[in-house]
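Engineer: quick one: sequence plus predicted model below, questions after.
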Amino acid sequence: MAVKSIRRGPAAGGAPTNFVSRSVSNDVYVDGSTDRLVFSIGASGTSSKTVLDSTSAITFSTTTGITAFAGGGQASATALTTVINRVDTVATVADSVKLPTATAGQIVIVINNSSNAMQVFGAGTDTIDGVATATGVSQMANSAVVYSAAATGNWFTDGLSTGFNTSNGLQTSSFNASVTAFAGGGQASATALTGLVNRVSTVASQGDSVKLPASAPGTVVVIQNSGANAVQVFGAGTDTINGIATATGVSQGINTQAVYISYVAGNWLVPVTSLWSSTPQAVGTASFTAPANVPHTYVLNRAGVVAVTLGAPTAGAGFDGNEIQFSSDSAFAHTITFTGSILDSGGASTTTATFNAFKGASLLVMAFNARWKVLAANGVSFS
């Protein structure tokens, strides 16, 4: 096979003698001064571009100073036109940029050099990581992501949930520093958690809800509840948490930080002991539903009766042995109703525990085989 040589320019640099640029082809030469490979570009072929130097470092087209489109969305998103793109201005979270049309073998690097997360869209009907075109993906602040297309119409990412720390060089994870749980609770409208680390700062009422992303093996999500009430955490779609029914979810107490891990698609696991802190929770409302699957201590301190409801615990490992304690700090006859005749108090079948109207009355129960066992009772009657 014939060997094609590439002409070398003079030692002083520049193109070789008699080098001719043509509009119908891209000719190449080696710069005699820098040892860089240069090819002619443009319709006339009169300009040139360095693509490779003697250390085999490839030079790619680069754009800096990019501003993401204010207001976001795909239609008017700022178009990215080079291989390396540095977005320096994202005025508001979800301002947007748009990748070029995905063609097989293409690679685009996007750097978010701002303090806000931005939304990245594909062009036309192109998807990113299989996410719907009109949705796009969120790229966190201070991050560099590689978007690659193995086939036309589809981009895949590397590094989408990680970023860089400009002060110490350590890698960071995608985060949401201020999440408001959905008022009224439930799975359907629960606030979606989009980061690997999520701080739920507002839980206006007990049971207001958040929702994990779709489970996938190897996914780890951290939730920190700094709200004023327990937050209800649900899986997405039919995903379960600790095997608990999707529509039930789990309750995560105040001042807690819990790690949710997915080992298999369709299920999240979280240590039960991390869902509630050791700090007793004061209950000052007329009615209160205590989560059945997390051990905790409640202090009933309302200037009036507190009517507590406690449902059946889940049977099996991770739930059997959990203990819940109720203590009165007000001189009122608080009640605890155990739904479904699930209370074993050492006597005839009972469903309700009634506190004497004195401070210090208390009840300690333990979960076992989907029932509650009374371990200790002080100033409490059963009926």
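Structural biologist: Received, thanks. Residues are numbered from 1 along each chain as shown.
Engineer: quick one: buried residues of stretch 238-247?
Structural biologist: D239, T240, I241, N242, I244 (16 or more other Cβ atoms under 10 Å). Every C-beta, even on glycine, is put in place using the N, C-alpha and C of the backbone.
Engineer: same question for stretch 86-101.
Structural biologist: In stretch 86-101, counting by 16+ other Cβ under 10 Å, buried: R86, V87, V90, D95, S96, V97, K98, L99, P100.
Engineer: one more: stretch 335-349?
Structural biologist: Across stretch 335-349, burial judged by 16+ other Cβ under 10 Å covers T335, I336, F338, I342, L343, D344, S345.
Engineer: which pair in those residues spans the largest distance?
Structural biologist: Pairwise distances across the buried residues of stretch 335-349 peak at 18.0 Å for T335 and D344 (criterion: Cβ to Cβ).
Engineer: would V108 count as being in a strand?
Structural biologist: Yes - with DSSP: H, G, I helix; E, B strand; the rest coil as the criterion, V108 is part of a strand.
Engineer: rewinding a little: in CSV, list the buried residues of stretch 238-247 along with secondary structure.
Structural biologist: Converted to CSV, these look like this (three-state DSSP):
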residue, secondary structure
D239, coil
T240, strand
I241, strand
N242, coil
I244, strand
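Engineer: can you put the residues you listed in TSV and add pLDDT and distance to T279?
Structural biologist: Listed next are the buried residues of stretch 238-247 as TSV, based on pLDDT from 0 to 100; distance: Cβ to Cβ, whole Å:
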residue	pLDDT	distance to T279
D239	96	29
T240	96	28
I241	95	23
N242	92	22
I244	87	24
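Engineer: sorry, back to before: quick one: which of the buried residues of stretch 86-101 is nearest D329?
Structural biologist: Taking the buried residues of stretch 86-101 together and measuring to D329 by Cβ to Cβ, the closest member is V90, at 49.4 Å.
Engineer: the closest one and V110 touch, don't they?
Structural biologist: No - between V90 and V110 there is no contact under Cβ atoms under 8 Å: 11.6 Å.
Engineer: I'd say V231 and N225 touch.
Structural biologist: Yes - counting by Cβ under 8 Å, N225 is a contact partner of V231 at 5.1 Å.
Engineer: output the below-cut-off pLDDT ranges for this structure.
Structural biologist: 1-4, 20-26, 40-58 (pLDDT under 70).
Engineer: the same query, at a cut-off of 50, please.
Structural biologist: Applying pLDDT under 50 to the chain picks out residues 1, 42-46, 54.
Engineer: domain ranges for it?
Structural biologist: 1-58, 62-164, 174-274, 281-382 (automatic domain parsing).
Engineer: ok, T101 - contacts?
Structural biologist: Residues in contact with T101 (Cβ atoms under 8 Å, 6 or more residues apart in numbering) are A123, G124, D126.
Engineer: now the first one, what's its secondary structure?
Structural biologist: Counting by three-state DSSP, the backbone at A123 sits in coil.
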